[in-house]
Structure formats: C-alpha cells, structure tokens
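Participant: Quick check, what structure comes out for this input:
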Amino acid sequence: MSEAATKPPAPGEASDAWQRVQLARHPKRPHSLDYIQRLFTDFQEIHGDRRFADDPAIVCGMGFFEGRPIMIAAQQKGRDTKQKLYRNFGMPKPEGYRKALRVMQLAAKFGRPILTLLDTPGAYPGIDAEERGQAEAIATNLREMARLRSPVVVICIGEGGSGGALALGVGNRVYMLENAIYSVISPESCAAIIYRDAKFAERAAAALKLTAQDLYRLGLIDGIIPEPGEGAHTDWDAAAAMIRVTLRQALDELARLSPEELVEQRFEKFRRMGNFFAE
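Facilitator: Numbering: from 1, shown residues only. Coordinates of the predicted model:
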C-alpha cells in the first residue's frame, strides 16, 4: 500500500468531511418527495418500467415548475421502518433505472426539461437485481442520458452513492446541496478495503473528497446550493426555496441552447472529467 493511501488527512479535514456525511444521512433530512411537494404543482407520478415491475426507490413523474412543464426522476428513501422497507432504503433495482429512463426519453420526445434528484447509498446489490441486469440498466442509463435532446439538471440532495446515483447523474448542470456527499463508495466500505477496518471511515471520508466543496474545487459539479441553519433538516421550506432559485436559473440558461448544443455540452462536460494536464 502506498504512503499516500495510508497517510492521514490534515487536522480538521477528516472531521469536516465526516460531519457532512452525517448531515447527508440525517434522519430528518428532507427527501425527494418532500422537495417535489414544495417545488412543483400538479405532480403526476408514473409507475413501472413496462418490463418487470415498479420500483418505489425511484419516483418519476411530470409536473409544473413555476408554470413550466418538467419531468422528474428522483431517488426516494423512507423515513420510518415501513417506508424504508417499501423504498428499499433508497437503493434502486434495475426496474427503477429503466422506469427513470422511460420518463426521460418521454421528456426528450416532447421537448421537456428533466430534473433528477440523487439520494441513495448505492444501487441494490441483491442477487435478484443482478439477475435482472442491474449493471446493464445503469450502463444503459449512462449512455442514453448522454444522448437526451432535452435540458437535464441534476441535484444531489443527500447521498450520491456510486453508480447507483450516477445512473441518474449525467446532466447539463450538476449541483449539490451544501451538506450532500457524492462518491464512488461509502466511507465505511472504503475504510474496510483500504485500511482493513471500517472504524477508519472518518479518515476515508476525507480521502474520498466526497463533499460538495471538494467536488466543486475539482470541477466535477457546477455549483453548491446553500442550506439553511445547521442543515436542510432544520428548515425544509427554506432548503426547497434555495433549490428553487438554482433550478430556475439553470432552466433559463439551458433554454437558450438547441437540442444539438445540449447534447454536445453534456458530452464535453463529462469527457473533461478525469483529464489532467501538466505544463
């Protein structure tokens, strides 16, 4: 193992990242349906992937944002035990990703903008999901979202867990709430692999660079949406109001682009990621 991999983060860096992990997972943090209720009117949910079943871990539908029609695909966690089981703890299955793609392709057909809300610890890793093509469903979404001829706005509102979140994360504009996290792996799993002990999750959180502030500095997201008070859980209405401002601005900017320009802008945005040049 390299020295860089085992070297502890700077003082304060680990604790700050870990605090944001805890805020992203806060039990009273607003979920996707809480924001949908506050941001959109006449929301009509769409169910099923037309292949196997409906996946409650992803909520899809159409509504109006300040009078503008918009399509929504959002990952939804449960709040109490019954809801957590019903929503599978926010871990989507293949039918959820296929439902989301169905809705996004419908949006592209009618020229409507798309909003996706990310909030998942990761895609469901169960045997049944693998049997129905979990990896294929995620890969297909990545490819097809890159081709959509409609504006796509992505907002990470809580946990952005690996490919489970990225399957809804290919957008023209990608934002994160101030205390959201977005990473290829959870800090606990990373610590178990790198440090051979999950108790080093706090150190792993800093090493992963998973906070909104880290990702903005790296150029991987387009902006950070501030949260009220000590976090979004303290005032759901204020948190929704801050999302409203960002979403309005993003839709206004993207409305000026042609379908061809939207596809090209999205393609170039993600092609630049991971490219580093030294002079």
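Participant: buried ones in the helix or strand that contains residue 108?
Facilitator: Element membership of residue 108, judged by DSSP states H and E, is helix 94-110. Using 16 or more other C-beta atoms under 10 Å as the test for burial, helix 94-110 gives 94-108. Backbone N, C-alpha and C define where each C-beta goes, glycine included.
Participant: Closest to residue 168 out of those?
Facilitator: residue 100 (5.9 Å; C-beta to C-beta).
Participant: Which residue is the nearest non-sequential neighbour of that closest one?
Facilitator: Leaving aside its sequence neighbours, residue 100 sits nearest to residue 73 (C-beta to C-beta, 6 or more residues apart in numbering; 4.0 Å).
Participant: residues of the helix or strand hosting the one you found that come out buried?
Facilitator: Under the criterion of DSSP H and E, residue 73 resides in strand 68-75. For strand 68-75, burial by neighbour count (16+ other C-beta under 10 Å) applies to 70, 71, 72, 73, 74, 75.
Participant: hey, what's the fifth one bridged with?
Facilitator: Listed beta-bridge partners, residue 74: residue 59, residue 117 (assigned using DSSP bridges).
Participant: Quick one: residues contacting the closest residue to residue 184 other than its chain neighbours.
Facilitator: The shortest distance from residue 184 to any non-neighbouring residue, by C-beta to C-beta, 6+ apart, is to residue 162 (5.2 Å). By C-beta atoms under 8 Å, 6 or more residues apart in numbering, the residues touching residue 162 are 122, 123, 183, 184, 185.
Participant: For the residues you listed, pick the one with the most neighbours.
Facilitator: Among the contacts of residue 162, residue 123 has the most neighbours (other C-beta atoms under 10 Å), with 25 neighbours.
Participant: Pull up the gap between the residue nearest to that one when sequence neighbours are not counted and residue 113, please.
Facilitator: In this structure, residue 123 finds its nearest non-sequential neighbour in residue 164, 3.4 Å apart by C-beta to C-beta, 6+ apart. Separation of residue 164 from residue 113 (C-beta to C-beta, to the nearest Å) stands at 23 Å.
Participant: Tell me which of these two has more neighbours.
Facilitator: residue 164 (26 against 23).
Participant: all helices of the stretch 1-150 of the chain, in order?
Facilitator: Under the criterion DSSP state H, counting those that start in this stretch, the stretch 1-150 of the chain contains helices at 3-6, 13-24, 32-39, 81-86, 94-110, 127-131, 134-147.
Participant: The longest one relative to helix 134-147, how many degrees between them?
Facilitator: In this structure, helix 94-110 runs at an angle of 20 degrees to helix 134-147, with axes from the mean of the first three to the mean of the last three C-alpha atoms, to 10 degrees as the basis.
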